[in-house]
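# coords below, sequence missing:
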């Protein structure tokens, strides 16, 4: 996929909970909960965004694991 993206093509992917390695390859990110967009922007900026609204991602953790945890029915409601 990286070779395709570097050729100038856009790749759209829907992944429920990507690994840290996959997350690091994303340029842009849209996080949705129950059909509502919770975050849309640069993937690398998502940790700063969530930290800025009171949900900091712990150092050396997978951001997507944390996002899934705080945005499920049992987690914190945003």
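Arrived safely, thanks for sending. Quick caveat, the model's predicted, so the values are computed rather than measured. Residues are numbered from 1 along each chain as shown.

# quick check: which element contains residue 11?
Using DSSP states H and E, residue 11 sits within no helix or strand.

# confidence score at it?
Predicted confidence (pLDDT) at residue 11: the value is 75.

# where's it relative to residue 27, distance?
9 Å (Cβ to Cβ, to the nearest Å). (Each C-beta comes from the backbone N, C-alpha and C, glycine too.)

# in this structure, which spans are strands?
28-33, 36-42 (DSSP state E).

# format these as a markdown table; extra columns: mean neighbour count, mean pLDDT and distance to residue 56.
As requested, these are exported to a markdown table (neighbours: other Cβ atoms under 10 Å; pLDDT from 0 to 100; distance: least, Cβ to Cβ, whole Å):
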| stretch | mean neighbour count | mean pLDDT | distance to residue 56 |
| --- | --- | --- | --- |
| strand 28-33 | 15 | 87 | 16 |
| strand 36-42 | 13 | 92 | 14 |
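
# now those in TSV, with distance to residue 53?
Formatted as TSV, those follow (distance: least, Cβ to Cβ, whole Å):
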stretch	distance to residue 53
strand 28-33	13
strand 36-42	10
